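Q: I'd like to go over a predicted model; first the sequence, then the structure.
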Protein chains: 2
Amino acid sequence: MLFGALEAGGTKMVLAIGNENGEILEQVSIPTETPSITIPKIIEYYKGKEIAALGIGSFGPIDLDKKSKTYGYITSTPKLAWANYDLVGNIKKELPLPIGFDTDVNGSALGEATWGITKDVESSIYITIGTGVGIGVYLNGGLLHGMLHPEAGHVLLSKHPDDKFEGVCPYHPNCLEGLASGPSIEKRWGKKAIDLKDNQKVWEIEAYYIAQALVGYILTLSPHRIVLGGGVMHQEQLFPLIRSKVTELLNGYVRTSQINDMEHYIVPAALNDNQGIMGCIQLAKMELQNK
Amino acid sequence: MLFGALEAGGTKMVLAIGNENGEILEQVSIPTETPSITIPKIIEYYKGKEIAALGIGSFGPIDLDKKSKTYGYITSTPKLAWANYDLVGNIKKELPLPIGFDTDVNGSALGEATWGITKDVESSIYITIGTGVGIGVYLNGGLLHGMLHPEAGHVLLSKHPDDKFEGVCPYHPNCLEGLASGPSIEKRWGKKAIDLKDNQKVWEIEAYYIAQALVGYILTLSPHRIVLGGGVMHQEQLFPLIRSKVTELLNGYVRTSQINDMEHYIVPAALNDNQGIMGCIQLAKMELQNK
Ligand SMILES: Nc1ncnc2c1ncn2[C@@H]1O[C@H](COP(=O)(O)OP(=O)(O)O)[C@@H](O)[C@H]1O
Ligand SMILES: Nc1ncnc2c1ncn2[C@@H]1O[C@H](COP(=O)(O)OP(=O)(O)O)[C@@H](O)[C@H]1O
Ligand SMILES: [Zn+2]
Ligand SMILES: [Zn+2]
């Protein structure tokens, strides 16, 4: 059985066809322009491909409340051409299929939980540290939405004593995204993150912020495992720094077999940056099963 | 139909009999001594009362993992007589009934979600600010456990610029419980919280810490409503201070109809301090239904 998968990002759209085992059979990527340019290309791609359902993991904020009049919309995004845009509705008009819809990072959480590094545990979170910072939460066999969906890239942190940088988030002087996203590293140090590999202070400060946020997530959500993905996390030296800072900050308060085995508790994404698009395949499958 | 309800606290045990509508028909309270003194009294109370099931909301940490060998135990509590104590097992030996088991504060969250201030919303959190600080999370018709259960009374916060107090948590210099529990107020100001009603600075600092924690919970769990209970929250002047600080810290980032209506988003507990024991009645009911 074939499923369509669409990872809708602010800069590019990844379109793929997969099967029920999460295998990606074909994949293309197109730039995200305006809806009137980009949506017809998306529709054209999936038309005639005999997919049983489509799964979309989208940038946000988005409306996930099936009872809402604006369900399936991208809502208050700063990308103005897409603000208050009925993404699911406009696609469904031309592709009358079951369409699963969630945040991009919930998609990644689902991809790893279905086929990747968290498939053996009941609950997990996926955090992407890239251009933005986002978290997806998988628990009780589904994804956490609540009132909106987690926006935990913006949790507030204490500043590192040596960090005088004011952050890049227009809303918060001291949130995770503002202090630890790829663009924040670049602005603080005047170089791209990838070119700062050998500067230990960069990664000490980065790990300090990520670890603080993880401690909050652990105490609040109590996940069985934490996955870190996104461009910045390709700097693998971050993992031991983050693990030891989390242990230090928790200070023995949460005693579980998982926390005692940090190497397997805080782990890198394991699906070769396909976790998002594979999660969209699973979103499609789940939507079909619920119909 | 009758249900037994047991709120197991570190200083006292509340024992009650209720019906399927959450009505409490009788209730007693006994001090929490050692298990060998207290457990026989608990068993004696429920024996012969013709209850169909028992619900227990317990102090913790506790083991909620039904697949674990220590399911139903109180685990690493500093109350040493109760550490590694098989609470559910020892009661079940004498009362062979379905026994629902959860944290005390998940019990309160469930009580409010079933019969109280959050019964009209899909997800909610309940925070108690008393001798300790704890949170319970209700979502998708059940309570959040994850790896252990939320321990979000210990989330880490930024210190208020005017607060030189070192906190009362032995684990964390700057966690919510350490900086905002009843005992922390008493130690910081040298007087009981209830006798500090007219000292505005006390409540400004208190609201500053509670609001920071709520912002973290909102961004991470995205609850439809937040309930604040426990002894300290009897200081009603805290509510407007907390609401305006939450609004200030979020700074327009999360835009939902709920957040735009703070008066109905952050609310006091509404069951006259019976939310915990009523939640235990519901824990009993749910356990019976799942058998
Ligand atoms: N190998 C790397 N090391 C450090 N930073 C990287 C690396 N690759 C990408 N980045 C940073 O990650 C950000 C892009 O994140 P990415 O997850 O790739 O995409 P996006 O978040 O836009 O979907 C950029 O700020 C970039 O500088
Ligand atoms: N009316 C009140 N105003 C302020 N603080 C109070 C009030 N009543 C109780 N407290 C404080 O709350 C704490 C007790 O919390 P409570 O929720 O009543 O019990 P517990 O947390 O032990 O179950 C004490 O530190 C006490 O000083
Ligand atoms: Zn922010
Ligand atoms: Zn603490």
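A: Right, received. Where do you want to start? Ligands and ions are numbered 1, 2, ... in the order given.

Q: what bridges to the closest residue to residue A:236 other than its chain neighbours?
A: Of all residues not flanking residue A:236 in the chain, residue A:268 sits nearest, at 7.2 Å (CB to CB, 6 or more residues apart in numbering or on different chains). The C-beta positions use only the backbone N, C-alpha and C, and glycine is treated the same way. Beta bridges link residue A:268 to residue A:228 when assigned by DSSP bridges.

Q: Point me to the residue of the stretch 1-150 of chain A nearest chain B.
A: Nearest residue of the stretch 1-150 of chain A to chain B: residue A:146, at 3.2 Å (CB to the nearest CB).

Q: tally of neighbours for that residue?
A: Residue A:146 is flanked by 25 other residues according to other CB atoms under 10 Å in any protein chain shown.

Q: and residue A:282, helix, strand or coil?
A: helix (DSSP: H, G, I helix; E, B strand; the rest coil).

Q: Now do the same contact list for it.
A: A:22, A:55, A:110-111, A:114-115 (CB atoms under 8 Å, 6 or more residues apart in numbering or on different chains).

Q: Equivalent analysis for residue A:150, please.
A: Residue A:150 makes contact with A:134-137, A:144, B:219-222, according to CB under 8 Å, 6+ apart.

Q: any idea which of those residues is closest to ligand 3?
A: residue B:219 (8.9 Å; CB to the ion).

Q: does the closest one count as helix, strand or coil?
A: Per three-state DSSP, residue B:219 ends up helix.

Q: coming back round to it: list just the nearest of the contacts of residue A:150 to ligand 1.
A: Distance to ligand 1 across these (CB to the nearest ligand atom) is lowest for residue A:134, with 8.5 Å.

Q: is the helix or strand harbouring the closest one anywhere near ligand 1?
A: In the assignment (DSSP states H and E), residue A:134 maps to strand A:133-139. No. If you take CB under 6 Å from any ligand atom as the test, strand A:133-139 misses ligand 1, and the best it gets is 8.5 Å.

Q: so what secondary structure elements neighbour that strand?
A: Using 3 or more CB pairs under 8 Å, 6 or more residues apart in numbering or on different chains; DSSP states H and E, the elements in contact with strand A:133-139 are helix A:104-115, strand A:124-129, helix A:176-180, helix A:200-221.

Q: With mean pLDDT added, can I get those in JSON lines?
A: Below are these laid out as JSON lines (pLDDT from 0 to 100):
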{"stretch": "helix A:104-115", "mean pLDDT": "98"}
{"stretch": "strand A:124-129", "mean pLDDT": "98"}
{"stretch": "helix A:176-180", "mean pLDDT": "98"}
{"stretch": "helix A:200-221", "mean pLDDT": "98"}
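
Q: Which among the ones you listed is found nearest to ligand 2?
A: helix A:200-221 (18.3 Å).

Q: Which residues of the stretch 101-250 of chain A lie near ligand 1?
A: A:128, A:130-132, A:182-183, A:192-194, A:230-232, A:234-235.

Q: Show me the one in these that has more neighbours than the rest.
A: With neighbours defined as other CB under 10 Å, the most crowded of these is residue A:128; it has 26 neighbours.

Q: about what we covered before: can you name the two of the contacts of residue A:150 that are farthest apart?
A: Maximum pairwise distance in those, criterion CB to CB, is 14.8 Å, between A:134 and B:221.

Q: Now do the phi/psi pair for the residue nearest to residue A:125 when sequence neighbours are not counted.
A: Computed as CB to CB, 6+ apart, the closest residue to residue A:125 that is not its neighbour in sequence is residue A:223, at 4.6 Å. When read as degrees, to the nearest 10, the backbone of residue A:223 gives phi -70, psi 150.

Q: what about residue A:223, distance to residue A:74?
A: 27 Å (CB to CB, to the nearest Å).

Q: Burial check on the closest residue to ligand 4 within the stretch 101-250 of chain A, number of neighbours?
A: In the stretch 101-250 of chain A, the residue that lies nearest ligand 4 is residue A:219 (8.9 Å; CB to the ion). Neighbours of residue A:219 under the rule other CB under 10 Å: 27.

Q: which parts of the strand holding residue A:134 are buried?
A: Neighbour counts over strand A:133-139 (16 or more other CB atoms under 10 Å in any protein chain shown) mark A:133-139 as buried.

Q: So which of the helices and strands packed on strand A:133-139 is nearest residue B:276?
A: The nearest among the helices and strands packed on strand A:133-139, by CB to CB, is helix A:200-221 at 20.6 Å.

Q: That closest one packs against which elements?
A: For helix A:200-221, the packing partners by 3+ CB pairs under 8 Å, 6+ apart are strand A:124-129, strand A:133-139, helix A:176-180, helix A:182-189, strand A:225-229, helix A:238-250, helix B:200-221.

Q: tilt between that helix and strand A:124-129?
A: Here the directions of helix A:200-221 and strand A:124-129 differ by 150 degrees (axes from the mean of the first three to the mean of the last three CA atoms, to 10 degrees).

Q: Could you check helix A:200-221 against ligand 3 for contacts?
A: No. Shown here: helix A:200-221 not in contact with ligand 3 (CB under 5 Å from the ion), separated by at least 11.6 Å.

Q: and that helix, C-alpha only, in CSV?
A: These are the backbone C-alpha positions of helix A:200-221, laid out as CSV (Å, rounded to 0.1, in the frame of the first residue of the first chain):
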residue,chain,number,x,y,z
GLN,A,200,35.1,24.4,23.2
LYS,A,201,33.4,27.4,24.8
VAL,A,202,30.7,27.3,22.0
TRP,A,203,29.7,23.8,22.9
GLU,A,204,29.9,24.3,26.6
ILE,A,205,27.4,27.2,26.4
GLU,A,206,25.2,25.3,23.9
ALA,A,207,25.1,22.2,26.1
TYR,A,208,24.3,24.3,29.2
TYR,A,209,21.2,25.7,27.6
ILE,A,210,20.0,22.4,26.0
ALA,A,211,20.6,20.5,29.3
GLN,A,212,18.5,23.1,31.3
ALA,A,213,15.6,22.7,28.8
LEU,A,214,15.9,18.8,29.0
VAL,A,215,15.7,18.9,32.8
GLY,A,216,12.5,20.8,32.5
TYR,A,217,11.1,18.3,30.0
ILE,A,218,12.1,15.4,32.1
LEU,A,219,10.5,16.8,35.2
THR,A,220,7.3,17.8,33.4
LEU,A,221,6.8,15.0,30.8
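
Q: tell me the angle it makes with strand A:225-229.
A: Orientation note: helix A:200-221 sits at an angle of 140 degrees relative to strand A:225-229 (the same axes, to 10 degrees).

Q: So which bits of helix A:200-221 are buried?
A: Buried-residue list, helix A:200-221, by 16+ other CB under 10 Å: A:202-203, A:205-221.
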